[in-house]
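Chemist: Below: sequence and its predicted model.
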Amino acid sequence: MAGEIIFFAIIIAGFLMGLRLQQSPRTAVWGNRLAALSMVAAIIYTMHLVNILYDPLIWIILLLTSLTGIMVARKVKMIQMPQTVAMLNGFGGAASAFVAWTSSLYDIQTAFAWSTAALALGVGIFTLSGSVVAALKLQDLINQQSVRVKGQNFYQKLLLVIMALVVIIMTVTGSAYLTITIPVMILAATVYGILVAMRVGGADMPVIISLLNSLSGTAAAISGLAVENALLVGAGAIVGVTGLMLTRIMCEAMNRSLMSVLRGISPEDQTAGTSAADTEDGDFTSYDKMETDRADESESEDIDMSDLDVDEEIALKIKEAEDVIIVPGYGMAVAQAQDDVKELMDLMED
């Protein structure tokens, strides 16, 4: 038992050190390799614990899936990386949901295990459906704009209530109603994930992908509790926490709140005051400052800025600026705007 705990601690330390190394471009490659090596060790040790280490069918499956992953990774372009990450998040959620599902059929004995299995199933399926929608949006296979269903807030709350009731029923009754509770949980979580992801606009998709990444780790940690696997709990918790931290950093960099992103509220909506109730204190201070600066400048200029449209105003500001800094972002990449940006740079330099 002590040896097992030490081995688990070493693997978790490997994950943490890998994340640490990935914070710098100089060491990011080695950090990625260390994290991958730690994952390989975790998989092999888990196979040893469940006595399938020498099963040839398992190794064939691992070989085929590994080759598939390598082929996909080599063909994916950098601009397609967000949707690739979204699908990987979805597969992670699906794996956790499958662990919870199978454990509920064979291994679970206690009320705590039933509750965690139900939670893992719901969070995993939600992650899967939301990630699929996010990937389809980013690949431009479905509408990239924010899509709202009439009465969506009510439906989302209703689905959350249904999923909570399923968790309670499975905790209390165990395996008595699995033919009803499992399909209901899968259906409710699937619809909930679709509604949440469809509501987020394409430019904000990286945020929802980061959040789904966090949820995939959370689902793994919860499923680890269901099957009493400490290594799965630890690894899932790391993914959950780091994904949530990244989500927060991205929201702060965009000067947005996570709630406004999830509700499909654009910065234009916020500055226009159409969704003031959805805005948290401190949001969009840079936009407010921009409006104040604009008003101050308009008083000192001969041209009335209020008579200009947005493009004309931007053009005038660029013309009169001494220095211009262009900061590429994901939206610029999605719009394939690199040629236009280069042309603008050349015009400004001339």
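Modeler: Looks like it arrived, so ask away.

Chemist: Point out where the protein drops to low pLDDT.
Modeler: Low-confidence segments of the chain, defined by pLDDT under 70: 1, 107, 266-310, 330-331, 333-334.

Chemist: Following the chain past the longest helix belonging to it, name the next helix or strand.
Modeler: Among the segments of the chain that qualify as a helix by DSSP state H, the longest is helix 111-138. For helix 111-138, the following helix or strand on the C-terminal side (DSSP states H and E) is helix 152-173.

Chemist: For that next one, give me every contacting residue.
Modeler: Residues outside helix 152-173 that contact it (Cβ atoms under 8 Å, 6 or more residues apart in numbering) are 104, 111, 114-115, 117-119, 122, 149, 177-178, 181, 184-185, 188-189, 191-192, 195-196, 199. All C-beta spots, glycine's among them, are computed from the backbone N, C-alpha and C.

Chemist: quick one on the thing from earlier: for the longest helix of the chain, which helices and strands make contact with it?
Modeler: Secondary-structure packing of helix 111-138 (3 or more Cβ pairs under 8 Å, 6 or more residues apart in numbering; DSSP states H and E): helix 81-106, helix 152-173, helix 178-199, helix 205-227.

Chemist: Output the second one as PDB, nothing but the C-alphas.
Modeler: Backbone C-alpha positions of helix 152-173 (Å, rounded to 0.1, in the frame of the first residue of the first chain) are rendered in PDB as follows:
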ATOM      1  CA  GLN A 152     -33.400  29.000 -22.800                       C
ATOM      2  CA  ASN A 153     -32.700  30.100 -19.200                       C
ATOM      3  CA  PHE A 154     -35.700  28.200 -18.000                       C
ATOM      4  CA  TYR A 155     -34.800  25.000 -20.000                       C
ATOM      5  CA  GLN A 156     -31.300  25.000 -18.600                       C
ATOM      6  CA  LYS A 157     -32.400  25.400 -15.100                       C
ATOM      7  CA  LEU A 158     -35.000  22.600 -15.700                       C
ATOM      8  CA  LEU A 159     -32.300  20.300 -17.000                       C
ATOM      9  CA  LEU A 160     -30.100  21.000 -14.000                       C
ATOM     10  CA  VAL A 161     -32.900  20.100 -11.700                       C
ATOM     11  CA  ILE A 162     -33.600  16.900 -13.600                       C
ATOM     12  CA  MET A 163     -29.900  15.900 -13.400                       C
ATOM     13  CA  ALA A 164     -29.800  16.700  -9.700                       C
ATOM     14  CA  LEU A 165     -32.900  14.500  -9.100                       C
ATOM     15  CA  VAL A 166     -31.200  11.600 -11.000                       C
ATOM     16  CA  VAL A 167     -28.200  11.900  -8.800                       C
ATOM     17  CA  ILE A 168     -30.400  11.800  -5.700                       C
ATOM     18  CA  ILE A 169     -32.400   8.900  -7.000                       C
ATOM     19  CA  MET A 170     -29.300   6.900  -7.800                       C
ATOM     20  CA  THR A 171     -27.800   7.700  -4.500                       C
ATOM     21  CA  VAL A 172     -30.900   6.500  -2.600                       C
ATOM     22  CA  THR A 173     -32.000   3.600  -4.800                       C
END
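
Chemist: Just the buried residues of it, please?
Modeler: Within helix 152-173, the residues scored as buried using 16 or more other Cβ atoms under 10 Å are 152, 156, 159, 162, 163, 166, 167, 169, 170, 171.

Chemist: want to throw these into CSV with distance to residue 345?
Modeler: Shown next, in CSV, are those (distance: Cβ to Cβ, whole Å):
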residue, distance to residue 345
152, 42
156, 44
159, 48
162, 53
163, 51
166, 56
167, 55
169, 61
170, 59
171, 60
